[in-house]
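Visitor: this one's structure only:
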């Protein structure tokens, strides 16, 4: 399923059988869709046999539970040849992590130590979020004096002490993508988690999503025999922040971690499953009526974004700051993971590799290369190289124009709009900064 199709399925799953007029109203309220967008996606799902529209009443032939089960089975089948045990043991193949080792890791974290823990898309730096001294030490070592840290709690009940989680935010937190969700602080948040998000009114929270996360919380709960232990309140809250020096790419290799995190991490927990593509945690924000994706990374990349119409393939190399590149094929847009600022060589190399990787796996031969209008950005230089490589037309695009055009493409707009972009730096159409 593409993103728009899944979002429509969620609306119908929540509403049950509804007539098409009511479905249009619900999509306008919950998704901000126009009538034409709803009917286009609805027709696509009906043509595929997932929805049926009889007598004006729309129903889903596929339940949410059946869809989730099919997705899980497909992942295990494709990634582990259908072996669930292989999936469970992939992180600790050949050498099991013993209960004593888990207990020792947790003890050192609770004693104020900083651990580098290997996950899915890279390493996390982990410490006790309730230990002000440990949080302060992590800030000093990582050269991150003010930016907030994300934290991990066992469940919504445990997190409710320091954030207010809406129903929709909870759904995202417990989804297979398991993003960080920015949620409003409670009155006790700064007392319970000193130094986590200073002078801000929100905290980024996430839930366990790898075996080592669950083992740490299982140990913190005293290794309970109750099968519902994960639903109960747990005092342990962990800082989970990207393992890198300030501004550098996320660390993914075992040797790389020991080398680059020396002086930052006190201990390391690695495994022998190599990470091919570095990918940070995705980030969403809780809003009054919905949840908005603000950093598309682990779990969401490179899932295609459906465009309102197809065309010749394009590679767009992105901006200077907070870079993400985009490649298109037909009516699909494929975004790279979050790259970061291209003011350092390591991030520039990551951007070039990400573009090369996606162009290879999706067999994209671009007719056009889009880049920022500013001639001095690395992304512009990369675009010029790609234009030569593919004999493609180079199209410089004004930075703020690109923001508005991206929003229009995401929402399928083709009519004239008035857009407001108030970010960053760029070169104007008059060639002045």
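Guide: It's in. Every value quoted in this text rests on a predicted model; they were computed, and no experiment measured them.

Visitor: now do the contacts for residue 303.
Guide: Applying C-beta atoms under 8 Å, 6 or more residues apart in numbering to residue 303 gives the contacts 2, 3. (Glycine included, C-beta is placed from N, CA and C.)

Visitor: mind doing that once more with 7 Å?
Guide: Counting by C-beta atoms under 7 Å, 6 or more residues apart in numbering, residue 303 touches residue 3.

Visitor: separation between it and residue 335?
Guide: Spatial separation of residue 303 from residue 335 under the definition C-beta to C-beta, to the nearest Å is 9 Å.

Visitor: same deal with residue 405?
Guide: Distance, residue 405 to residue 335, by C-beta to C-beta: 15 Å.

Visitor: neighbour count winner among these two?
Guide: Counted by other C-beta atoms under 10 Å, residue 405 and residue 335 do not tie: residue 335 has more neighbours, with 21 against 16.

Visitor: okay, that one: pLDDT?
Guide: The score at residue 335 is 94. That number is its pLDDT.

Visitor: beta-bridge partners for it, please?
Guide: The bridge-partner assignment for residue 335, based on DSSP bridges, gives residue 326.

Visitor: residues touching it, list them.
Guide: For residue 335, the contacting residues are 296, 301, 302, 305, 324, 326, by C-beta under 7 Å, 6+ apart.

Visitor: try residue 49
Guide: Counting by C-beta under 7 Å, 6+ apart, residue 49 touches residue 61.

Visitor: repeat the analysis, applying 10 Å as the threshold.
Guide: Applying C-beta atoms under 10 Å, 6 or more residues apart in numbering to residue 49 gives the contacts 61, 62.

Visitor: most distant residue from the centre of the chain?
Guide: Summary for the chain: using C-alpha atoms, centre = their mean, the residue whose C-alpha lies farthest from the chain's mean C-alpha position is residue 55, with a distance of 39.7 Å.

Visitor: quickly check the contacts of residue 335 for the two that are furthest apart.
Guide: Across those, no pair lies farther apart than 305 and 324, at 11.8 Å, counting by C-beta to C-beta.

Visitor: need the overlap of contacts for the two.
Guide: Here residue 305 and residue 324 have 296, 335 as joint contacts, going by C-beta under 10 Å, 6+ apart.

Visitor: and the pLDDT for the residue nearest to residue 237 when sequence neighbours are not counted?
Guide: Closest residue to residue 237 apart from its sequence neighbours, by C-beta to C-beta, 6 or more residues apart in numbering: residue 129 at 4.1 Å. Each residue has a pLDDT score; the one for residue 129 is 97.

Visitor: same check on residue 84?
Guide: The model reports residue 84 with a pLDDT of 49.

Visitor: quick check: residue 395 is in a strand.
Guide: Yes: counting by DSSP: H, G, I helix; E, B strand; the rest coil, residue 395 is part of a strand.

Visitor: that one and residue 410, how far apart?
Guide: If you measure residue 395 against residue 410 using C-beta to C-beta, the figure is 19 Å.

Visitor: swap in residue 218?
Guide: 40 Å.

Visitor: got it, and residue 386?
Guide: Distance from residue 386 to residue 410, counting by C-beta to C-beta: 23 Å.

Visitor: could you do residue 51 as well?
Guide: From residue 51 to residue 410 the distance is 23 Å (C-beta to C-beta).

Visitor: just residue 267 next, same as before
Guide: According to C-beta to C-beta, residue 267 stands 42 Å off from residue 410.

Visitor: swap in residue 418?
Guide: For residue 418, the distance to residue 410 - C-beta to C-beta - is 17 Å.

Visitor: more neighbours: those two, which one.
Guide: When neighbours are counted by other C-beta under 10 Å, residue 410 comes out ahead of the other of residue 418 and residue 410, with 15 against 5.

Visitor: surely that one and residue 3 touch.
Guide: Yes: proximity of residue 410 to residue 3 meets the contact threshold set by C-beta atoms under 10 Å, at 9.4 Å.

Visitor: what is in contact with these two at once?
Guide: Listed contacts common to residue 410 and residue 3 are 305, 306; contacts here mean C-beta under 10 Å, 6+ apart.

Visitor: show me where pLDDT drops low in this protein?
Guide: Counting by pLDDT under 70, the low-confidence segments of the chain come to 1, 76, 79-96, 424.

Visitor: got a list of what the residue most central in space within it touches?
Guide: Centroid-nearest residue in the chain, with C-alpha atoms, centre = their mean: residue 282, separated by 1.8 Å. Taking C-beta under 10 Å, 6+ apart as the definition of contact, the neighbours of residue 282 are 121, 172, 177-181, 206, 293-301, 337-338.

Visitor: buried residues in the host helix or strand of residue 45, which are they?
Guide: Element membership for residue 45, per DSSP states H and E: helix 35-47. Along helix 35-47, these residues count as buried under the neighbour rule (16 or more other C-beta atoms under 10 Å): 37, 38, 39, 40, 41, 42, 44, 45.

Visitor: just give me the closest of the residues you listed to residue 423.
Guide: residue 37 (26.5 Å).

Visitor: for that closest one, give its distance to residue 4.
Guide: According to C-beta to C-beta, residue 37 and residue 4 sit 8 Å apart.
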